[in-house]
Every structure is written in C-alpha cells, then in structure tokens.
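**Q** the amino acid sequence is not available; the structure is as follows:
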C-alpha cells in the first residue's frame, strides 16, 4: 500500500454516517462492504434512497407500484444484513430524479435529524456518470450540506425531535474519477456484502451470477492493495 | 498517426447513428465531414436539433418565426447534401434550452424510434463550453441514454411503429476538452462538408468567407494526423 | 514569477468590469484587493449579488428581512470603500439560488446595461465548490454571456437607456481549481480590502479576527509570487 | 319528470365514452350506475384515473406503493364488474395532482387513442369542490379538449396505432353546482354499482356500511324523478 | 334599449385601450367592430396576442414557424384595417399558454409602457370557456393589474422610455357569461370588422364563408338592441 | 335580522381558528372586529400571512427587505391588540404568490400544528377578486384542507411537537360574492379593530384617514343588520 492511499483509518472519526444514493442497491454494491466494517465498529449508519427504483426491470408488464413495493422490502432486508440503523426513501420516480430545491430540503432535513457527521454520496461531477439519477442524488446531497447548517434555512425542520443544525464534517464520494485515495479491504466481509446485494432479488434474480460485474470491479480495486476485494472512495475537502 | 489515436475504424460497428445537437449547423460544422464518410459506408444517420435556432442573427428586426422557418429549410438542404436519412427539430427556443424531464423524454423517444446504436453529442462537462444550449443538449442526450432502455420509462413511446427499447451502445462527444482520441481525415469530403455548411445561408451569408474559423480549426486538427482537414471525437465509456 | 503567471497586466484592456457573485462579501473577500487596484486605474466596476444573503447568520432568532436589510447597507459601505461604481442585488433567497432562465435574463440585462467588457464570476465547474449558490451564480453568469449578445434574446431589454448588445470580451473565474494563471499582488491595497470586508459587520462581528482565514489564503497565494498577499484568477477562453 | 330534465336519452348518440377522474373509486361512486346502463347499450367506456390514490387511507403505517398496488387491482375488478373496456392510470401522486402541460398532454393522448366522442369529468369551476385533485383532473380534461383536435399539438401522438385527432363532441360534468339537467334512474343497476364500489375494499373495508353516504346522495337525487336512486350530470356546451 | 344596458358611452372616458388576447384573430372576431368605432373617436388602441397561434390549422404538414410567420403578418394587416396603433406578440406557443409569473410580468410591462387606461380581455372565470389559452390570457391580464401599479414590482420596467406605473382604471371582459351589460351597435363598421377578420386568411381561407358563425353570433346579440349586429362586454369592478 | 342571516352564533363551536391571508393587514381590515369578539370568548386564533407584503408601498425608493421588516413588526403589534395567539409569515414575495404544492404543504403543516378546527380565508372563486395574491392564498388554503387530514401526505410534518392530522371542520370565506350569510355586529369592538389597522402604519400613514374606505364598507354591511358596523362571512360546506 503506497503512502498516498488511506485505509479504514480514513473513517476513524466517523460516528454517524449517512449515505445518499439514488436507487435501492446503490449503497450495497458500491459500499456495502465498508458499511459492514463500519457497523462492526459501532458506527451508526443511515441509508437514503432518493427514488423508488420503480423502473428497475426489463419486464414491460411489471406494474411500477408493485416494483416499488418489492424494492422497499428488499432494501429493509439488505439493511438488516448490513446492520444499517435506519433507511429512508424519498419517494421520487426512478429515471426522473431532479436536484431541485425540494430534494435539497428533503436531504437537509435528514442531515439535521440524523445528526450525521459524515456523508457518502455519488460524485455529481464525474463526466463518466451516465445515470442521471446518480448525478441528481449526488448534486442534491452536496447542495444540502451548507444550507443544512444554517438556522434560517427551512427552520421548521428544527421542530422535529432530535433535529439540530446539520453537523456534517466530512464527505466521501463514490462512483468518481477523481483519483480515489481511500481503498478499503472488504475481503473479510464480502459474504455479508454479497448477501446484502442478493437481497435485491428483483435486480439480481439469479443471485451471485448477476453480480459478477461487481466482483470483478472489487477485485480490480483489490489488486491495487494486493487483496482480494476492495471498495474505493475519494474524500472531498469541505469547509 | 500515433498508436493512441483512432481513425474511421472507431466507427466500424456503427449502423445507425443519431446526432443530438442544439442548433441548425452544429452537426455540419462539428462533424459534417465524418457524417459524409459514414453515409458513404451505408450508415443511416439521424439529425436532431433541440432548438429552432431562432435568435441566430445579428439583425434586430428579423422576426423569430421567420428565422426559424428559414433555418428549418436550410437544415433540410444540408441534410440532403450530407445524405442524412431524417432530421428532427424539437421546437425549443434558441438561447433558452433547458435539460429538463420533457427534453429528456423527447430525446429518449428518438432513441427508441430510430433504434440508433450510436450517439454523437456535445460534452456537457466541458468547462470551456460557453453556450448554454450546447450544454443542455449534451446533458439531456446523456440523461436519456439509460431511461430509454427501460421498458417502464414513458411506456407509451413503444406504441409508435418501429419503436423499441433504446439500444445505444456507444457515445462519442464533440466540443470537448477530454483528450480526443479519434481523428477523422475529412479532406476527401471537405467540399461536401463546406457545401452543407453553406446551406445555412442565414448563418454564413458570405459563404466560405464566414467559415474560415472552421477551416482553421479543422486544419489545426489535421496537423495532428499530417492531413489537411480533420474532425475529432472522444468516446465516452458507458455501461 | 514564472513566465506562465500573469500579473495586473492581464487586465490591461479592461475598461468596464462586472462581478457576478452570490452573496454580499463574496466580491470583497475573493477579489476586493484587485478591484481596488483596478479602480485606481480608472476602471469602472459593477457589483452584482444574486442573493440577499438572508440566511447568513448562526443566530436562529434573526429575522430574514432584517438580515437582508443589514447586508444591503453593508454592501453599499464596502462598495464605497472599494470605489465600486454601482451595486445590484437580484433579490433571490440565500441558499436557494437556481440558475434558471429568469436569473439568466436578469444577468444578461446587466451585461447589456453596464456595457461591461469583462466579467468575473465563480467557476461553476469546480468540483470542490460546495456552496450551491456559488455554482448557480457562476453558471448563470456564463449562461448569459452568449444570449446577451443576440438582439432577438429578450429584446425589450434594449429599450432601457444606455442598453446595447452585451459586449463582454473576457471572463475571469475565481474560486476555481483550474490552474490559476493570474496572480495579483494586493499588498499595497490590503488595508482597503480589509476595510471593505470589515464593512460586512454581520458576517465578521469581531472584525479582522474573523478574517484570519482570508489572510492566510491570500498569504499562501502571495508565496507563489514572493509577496505578502495575492489574489488569483483563471481566464476562461471564450468566443 | 319536468320538461327541463333529460334522462338516458341525453347520451343517445354516445358511442365511445371516456371518463377522466382523479382517484380510483371516483367513477364508480359518481357515475357507476350510468356507466353500467351505457355499457348494456353497447357503449365502449374508457376509465382514466389521474392519480394512484396513494394517500387514500387513515392508516399511517401503510406504505404508499403498497396502497397504490392495491388500488390498481381494485380498479381492474370494478371495471370488470361495470364492463369498462379499458382503464388507464396516469401515475401521479394523490393529493398533489397539478393541471399542468404534462397532464394535459397525457389526457389529450387518450382522447386521440380512444377516439372517444364523449367526456365525463369533474367540474373544475365548482366553488364547492374542496378536493384539489378533483379540480385538477377536471381542469386538465377540459384543457385537453381543443389541443387534442389540432394536428400540430404534440404530433408524435398520432404515430400510435389507432390514434387520430381528438373527436370529442360532448362533455358532461359531475360534482358540479351548475344546475344539473340530466337525471339517470339507476335503480335497475344499483346492485352492480354497489358491487363496483365494494371492489374498492381499501376504501370501504366494511362494504356497504361505508357507502351509506352515497346511497343517501343517490336517493336524494332519485326523489327529483320519483325513483329510488339517480345519478346526475350537467352538459357543458362546447364548440 | 333597456335602462340596464349601456352603449358606446360605456367607453366615454377611454383614451388608451389595451386588448389582451390569446391568438391572432381573437380581438378581431370578438371586438373588432367596437375597436373600429373607438379608433374613429381617436382612442389609441394596443393589441396584445399572448401566443403565436402556431397550431391554428388542420393541415398536419404545416410547419409551426411558417404558420406563426403567416399569422404575425395577418395580424399586422388586420391592425392596419382597424387602425390599431401597435401590436405585440408575446411569443408563447399556441395550446400551451400558462398564466405564470413570467406572462404576468410581460403583460404588466405593457400596461406600464402603453399607459393604457382601459383593458379588454377574456373572462378567465367563465366556466364555459373551453379554450385553455383564453383562460390563461385573461387570468394573466387580470393578475397583472395590481402589480403593474406598484413601484417595487419588477422596477427595471420603469427604465424603458415612456414607462410609468400601470394606470388602468377600467376592465371590460369578453367571452363571458356574467350578464353582459354593454351592447355596442357595430352595424356601421361591420364591413371594416369583416375585412379585419378576412385578413386572417390562414384561419378563414374562404373568407366570409368561414365567418358565418361570427355573423350569427353578432346578429343574435344585435337582436337585443334591435339592430343588425352587436358586440357585447361586461365591465368588471376593480379597485 | 332575517331568518337566513346568522350572527356570532355561527362560530359557536369554534375553539381554535386559523386565518390564512395574503398580506399583513388583510385579516385586520376584513375580519379584525370578529377576531376581537372571538378572542374575548376565549377562542385561540392563529394568523397566517403568505407574503411579506414587500411591494406594499408607492415609494419607489423603499427597499423591499426594509418594508418587509417593518410589516412583520406591524403584524405583531396588530396581533397584540387583537389578542391573536400566534402569527406566521410564509415568506413569499408580494405580488407573486403562487398556489403551488410548496405553499399547499406550508399551509397544511400549520393546520396540523395548530390543530385549528376552523379556517377563514379568501374566496378564490370570486370572479371579482382582482388581487392575484388573494386568490392564491385562498386557493392554497382550500387545497390544503383534505391533504392535511391524510396521514400519508407529507408525513414528516407529524414529527413536530403537537402536530396531528388536520382537523378543520368548518371553512368561512371573506372577500366573496357568494351571498354572505353571516353578519357580525362589530360596533362594540370597532375601536379595537381600528387600532389593529392603524398598527399597519406603513399602509395607513395618516391613520384613520386612510381607513375611510373600510369604515364605509363595514357601515354598508351594518345597514343590513341595522347596526353601525358589521363584518360578513360565507360558510363553505365541506366534507
């Protein structure tokens, strides 16, 4: 491991982590292993999916509400496997997420309610990001960072029990081309990661056979460290 | 030609090409030569202009609908010269194109109708892109890529004859600062390119004299290959 | 100073400068020294703040209109200190600025009215920009550049006395990670810069003690030149 | 029956009827009996619900997609009972329907596809209409009437098999305070109406006990005719 | 003429009249005769069409910009015939006019520029109004009335030469079911009205043969007065 | 007093009253006397102004935030005089209030928080209502009525202390042309009403001299009852 790369110590000060993703299964496939490791360390983790994932099928005769229902249940099961403290779904339609002021306010509210100190989300500036929902989720998550800390922004949100000004201190991006500097060896929890992914049966009906792409990706990243599987992150400097 | 650069072979597998641009004359000036070469090879090419180009004049007393009408006719003439199979104009106002859900749906519909396997569009992430319509066209074209493939996204679009799930396999960007890796020698069809550009008489009223900037640009790119004129593209990896 | 870096000569041809920022105090902290130098040279400078800055406090019981009122007055005082010819506030709410067609038209109108030849604004493409208002202001300022020059775009704006087609010739970005190439030694006017910043009493109630971060930043940049304080800019090529 | 009131003859020329409602169960409770009578006469009937009805419960722990799924199934069962040829659901969220251009286009498309000659919908001008979705559905249904007939309005809709210019000739309003002039004796099909309503089990879990309000309403209207149960409509003059 | 009905005296104090309509030919068919009479009396009249009228044809192969261009020219010709001082077209698309803040501002600007004292427009509250553009035009025209009088509403509009606070004193509605109380005998100028209508050749290609509906309507209204042709208006009380 | 008219008994069952208005001073001038009477009876009253009233002046050089600040203070003083329990201002801009989903949610939240049983608001269907903000406020207040009662509508609102499902039972409209049926003799509290109005010094700088129009209106209504001053309301039937 070169001097420049960081390992799990990069998250040493994390106590409450919020992950803002676009669809059920994003968290699991992109960072499920690291979540499992952090949960083992006692870190409280919150999962936010902005959309219902309700076009996530190639079956043209599936009903969208049925698919949404299925995926909400799959999300809960995956969260149980990973030890996630709570999941939120913001109810937007898959394929049509927009990083507007409404989405920003929804996410700021969760920063304030969960009192998370750390955010993981999609890099909205990655020019290779072809999924518009991924960009929208990442953009809105970053856009909510500063307003969430300001008492005069949507002040009614402070009335909910436990809410306080946003107190995020660090942001880590996934799905990015900014040179990733954090490589997490997830070999020890890979079975857990796979189980959480398989919980999304609607997406991976043949189980692990549908997850070869992910394993290859994690292996390629593992090679950088000389381990079997790794997940990668890039810290974004914020003030 | 260095090993890293690709030539027309980069498009070897293309059979149906869709070009999403912002204004009449974008396709012609940025890629008209390459289109001419591809059409010679039997590739079916579809041209989409998102706006009417209806502020494209310095004459303050021109009426916008008159200008739009003129430019629609110029587009048809240029398409005839280049051998483009069909042109589409999405009817938005020049200088005010917005990459919203409506534009995304309009473009996804054309991916589904044309069954194009290849897309050319503006790089919306180029920080040097000063024209907001160019960014909007490119962004919406990329944003439509994944939804167009999903059967539950705007399913009524499948009722039109010939429509099927989007089947784009490759995306090539123009007007980009990502290191271009595809250089096409267009010297052999440059007269055709110039003729297609001159068809936009409202834009280039003095003919070739108004196109010196383009010739210089194409020459500069040609120097990389050691040819007279070249056009350049950057392939974007998609999944 | 290396050959690549430019100094105040980079602005040698500027006669009328417009600065599009998001909040009261952006101009002052990011470029107040250089503005002071340019004003000394007789350059007419216009300041545009897109928002009222009305969530800019940690005091939860402050009223937003009171804060806005205070900050409008602070802006005038800072402008007086720097010698800015005129200030504009576009009236949008802090933390919720959106780069939509309305904001674009507001800014294009000011390009046309001020007949500025030079624009300074935020780099909307800086991936490290965490403040959504900064990105929105910069994006709208760039988006307005081309439309402002076209006579058929919002033609009623030409009826205002003194308005003409936009005539911006150069754009300089601040708050950017594109390698800055313009370093301005602002040591000689630093007291003026500090005074302009201190005018924003609502933001820096303890005066210079609240501005240590800025002094450190300007010092770090000064080290590149071997001077005490510097401000930096990046020119964007436009056509 | 007074001279001014019309009976089922008011619908004598109807051949294809489209009903635009807001929620599953609107059609059934407001006009289910008349639909049953018209279907008996061979009239082809199409039912459109603009929303999923996904807040239609007092159970706070119900999931919205589950409720939507349930109500789609209930709608199909009710349609089967009444003999409705086809049902459409436009997928909007209950309690948040907006009569915007998108909804207008969705409804115009169905006028063109079904080639309905007659429309039933909510009176959007009834000042007593307290449900915003009812007004939105009625307004959008009226707003779509003229555009649907114009070939240059959303012309891509004509590509779907069977689509033609809208050919609505008559509009009848329900839930209106404009003096209703059409009273339909639905006593002979009241069991069918009740069965269709009971199919909406999520809304009427205790069956007929939850429908007393409807029976009373229909009885009060029946008294005008001297019959047991009636449904009422108001024809709107259109050109 | 009964005591309740008013004649041309209803307009005795009018000096500058603005008519806000939706499509080219609305003014001419609904009030062209009265405009002709008022112009004879020296009243300065301004005509505003909110849309281009660009779906106003049954010919599916017509291009929308061509139709818009034609109708702008027809509007000028009709204005010449009626003696209208100036026409404005707000450039919106036919069939999709929305009474939003942008349209309100456009209309308020014209109240301020023309310094009209009197407004004619569509009654947006007529429940029988089936054309959505008519309602939108009328609603926006009424919505602009009060803001146009307030100096802090869109204050940049006052910079245009001749602009002042809106000074509308009276509003008259056409296309209304509120009992019309103003009946204007237009028999003496009916040839002028017909000529202005025939100028809209794209709408009435067979000339007067396409205008029988209008003549019948005007005759029916004339019968109330015992004259051949009349136009009707309803004054709306404003404060 | 005729049999049809109701007096203060119309409000006999009211315990918690919410008044949704558009601008500071609407409540005071339209219903201030009745509020004073109800507060005397122990009814808890909540006042909601949707806009800041920040264009409410004829002084062109007034700053909007200064005016907003002034009017917030005036509102508090008037509330003190009338005995209103709490005031809310939703922060929208005067002259540009829109009855959109955001405003609906803001108002629904207050129904849920205040647990009001009775609503007063503007009649949005009054065709004589020329102020667009009045219509928007009234429309949004009615639109929020049903959603506020549904647990799945914006469920996060229930987390605020004291919030519960909306429990409005009655709606009374002011500024309406629906035949008013409730006439309240406000002679006994007219001094209080006048004092509350005079608290809006920015609107009535000459005190009672600027309120003659209101006194005349209230006198005219008083004549129906044979009293000096009355205020009127119309109950809207809701379900």
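**A** Done, it's in. What you see is a predicted model, and the numbers here were worked out from it, not measured in a lab.
**Q** ok, now which ones touch residue A:181?
**A** For residue A:181, the set of contacting residues under the criterion of Cβ atoms under 8 Å, 6 or more residues apart in numbering or on different chains consists of A:4, A:5, A:6, A:233, A:234, A:235. Quick note: C-beta positions are derived from backbone N, CA and C, even for glycine.
**Q** repeat that for residue A:143.
**A** Contacts for residue A:143 (Cβ under 8 Å, 6+ apart) come out as A:99, A:104, C:132.
**Q** and it, how far is that from residue A:101?
**A** With distances taken as Cβ to Cβ, to the nearest Å, residue A:143 is found 9 Å from residue A:101.
**Q** residue A:209 too?
**A** In terms of Cβ to Cβ, residue A:209 sits 42 Å off from residue A:101.
**Q** now swap in residue A:228 and tell me
**A** On the measure of Cβ to Cβ, residue A:228 and residue A:101 end up 44 Å apart.
**Q** for chain A, what's the longest helix?
**A** Taking DSSP state H as the criterion, chain A has its longest helix at helix A:64-82.
**Q** what is that one packed up against?
**A** Other elements packing on helix A:64-82 under the criterion 3 or more Cβ pairs under 8 Å, 6 or more residues apart in numbering or on different chains; DSSP states H and E are helix A:26-40, strand A:44-51, strand A:86-92, helix A:190-198, helix D:64-82.
**Q** may I see these organised as a markdown table, with mean pLDDT and mean neighbour count added?
**A** Supplementary listing: these in a markdown table, determined by pLDDT from 0 to 100; neighbours: other Cβ atoms under 10 Å in any protein chain shown:
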| stretch | mean pLDDT | mean neighbour count |
| --- | --- | --- |
| helix A:26-40 | 98 | 24 |
| strand A:44-51 | 98 | 25 |
| strand A:86-92 | 98 | 19 |
| helix A:190-198 | 98 | 21 |
| helix D:64-82 | 98 | 21 |
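**Q** thought residue A:127 was touching residue B:178?
**A** Yes - the pair residue A:127 / residue B:178 is scored as a contact, 6.9 Å apart, by Cβ atoms under 8 Å.
**Q** what ranges do the helices span in chain A?
**A** With DSSP H as the criterion, chain A has helices at A:26-40, A:64-82, A:101-114, A:132-143, A:145-149, A:190-198, A:212-225.
**Q** dump those to JSON lines, plus distance to residue B:192.
**A** Rendered in JSON lines, the data for the helices of chain A read as follows (distance: least, Cβ to Cβ, whole Å):
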{"stretch": "helix A:26-40", "distance to residue B:192": "47"}
{"stretch": "helix A:64-82", "distance to residue B:192": "48"}
{"stretch": "helix A:101-114", "distance to residue B:192": "47"}
{"stretch": "helix A:132-143", "distance to residue B:192": "36"}
{"stretch": "helix A:145-149", "distance to residue B:192": "52"}
{"stretch": "helix A:190-198", "distance to residue B:192": "52"}
{"stretch": "helix A:212-225", "distance to residue B:192": "43"}
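**Q** ok, which of these comes nearest residue B:43?
**A** With Cβ to Cβ as the measure, helix A:132-143 is the member of the helices of chain A nearest residue B:43 (27.6 Å).
**Q** quick one: which of the contacts of residue A:181 has the most company?
**A** The member of the contacts of residue A:181 that has the most neighbours, counting by other Cβ atoms under 10 Å in any protein chain shown, is residue A:233 with 22 neighbours.
**Q** quick one: contacts for that residue?
**A** Contacts for residue A:233 were tallied using Cβ under 8 Å, 6+ apart; they are A:10, A:31, A:34, A:120, A:172, A:173, A:174, A:180, A:181, A:182, A:184.
**Q** same deal with residue A:178?
**A** Under the criterion of Cβ under 8 Å, 6+ apart, the contact partners of residue A:178 comprise A:123, A:125, A:126, A:234, C:127.
**Q** bridged to the fourth one, which residues?
**A** In other words, residue A:234. Here residue A:234 sits in beta bridges with residue A:173, going by DSSP bridges.
**Q** now do the contacts for it.
**A** Residues near residue A:234 by Cβ under 8 Å, 6+ apart: A:123, A:172, A:173, A:174, A:176, A:178, A:179, A:180, A:181, A:182.
**Q** right, and the fourth one touches residue A:119 too?
**A** No - with contact defined as Cβ under 8 Å, residue A:174 does not reach residue A:119; the gap is 11.1 Å.
**Q** residue A:216: neighbouring residues, count only.
**A** Taking other Cβ under 10 Å as the neighbour definition, residue A:216 ends up with a count of 10.
**Q** and it, how far from chain D?
**A** Separation of residue A:216 from chain D (Cβ to the nearest Cβ, to the nearest Å) stands at 33 Å.
**Q** list the residues that contact that residue.
**A** With contact taken as Cβ under 8 Å, 6+ apart, residue A:216 is in contact with no other residue.
**Q** and for residue A:72?
**A** Contact analysis of residue A:72 by Cβ under 8 Å, 6+ apart lists A:24, A:52, A:89, D:63, D:65.
**Q** now for the last one: which residues touch it?
**A** If you count contacts by Cβ under 8 Å, 6+ apart, residue D:65 has them with A:52, A:54, A:65, A:66, A:68, A:69, A:72, D:54.
**Q** so what's residue A:195 closest to, chain neighbours aside?
**A** residue A:81 (5.1 Å; Cβ to Cβ, 6 or more residues apart in numbering or on different chains).
**Q** doesn't residue A:199 make contact with that neighbour?
**A** Yes - proximity of residue A:81 to residue A:199 meets the contact threshold set by Cβ under 8 Å, at 6.1 Å.
**Q** the residue sitting furthest away from the middle of chain A and chain C, how far apart?
**A** Computed with Cα atoms, centre = their mean, the maximum C-alpha offset from the centroid of chain A is found at residue A:61, amounting to 29.2 Å. The spacing between residue A:61 and chain C, counted by Cβ to the nearest Cβ, is 38 Å.
**Q** ok, now residue A:100?
**A** From residue A:100 over to chain C the distance is 8 Å, taken as Cβ to the nearest Cβ.
**Q** contacting residues for that residue?
**A** Going by Cβ under 8 Å, 6+ apart, residue A:100 touches A:140, C:98.
**Q** what about residue A:226, neighbour count?
**A** By the measure other Cβ under 10 Å, the count of residues near residue A:226 is 9.
**Q** next one, pLDDT for it please.
**A** What the model reports as pLDDT for residue A:226 is 94.
**Q** one more: residue A:116?
**A** Per-residue confidence at residue A:116 stands at 98 (pLDDT).
**Q** now the residue nearest to residue A:67 when sequence neighbours are not counted, what are its backbone angles?
**A** Distance criterion Cβ to Cβ, 6+ apart; nearest residue to residue A:67, sequence neighbours excluded, is residue A:54 at 5.1 Å. Main-chain dihedrals, residue A:54, degrees, to the nearest 10: phi -90, psi 10.
**Q** burial count for residue A:54?
**A** 30.
**Q** wait, what's in contact with it?
**A** Applying Cβ under 8 Å, 6+ apart, we find residue A:54 in contact with A:64, A:65, A:67, A:68, A:71, A:93, A:94, B:152, D:65.
**Q** and which of those residues is nearest to chain F?
**A** Ranked by distance to chain F (Cβ to the nearest Cβ), the contacts of residue A:54 are led by residue D:65 at 10.9 Å.
**Q** ok, that closest one to residue B:61 distance?
**A** As judged by Cβ to Cβ, residue D:65 and residue B:61 stand 56 Å apart.
**Q** same check on residue A:116?
**A** Distance check for residue A:116 against residue B:61: by Cβ to Cβ, it reads 58 Å.
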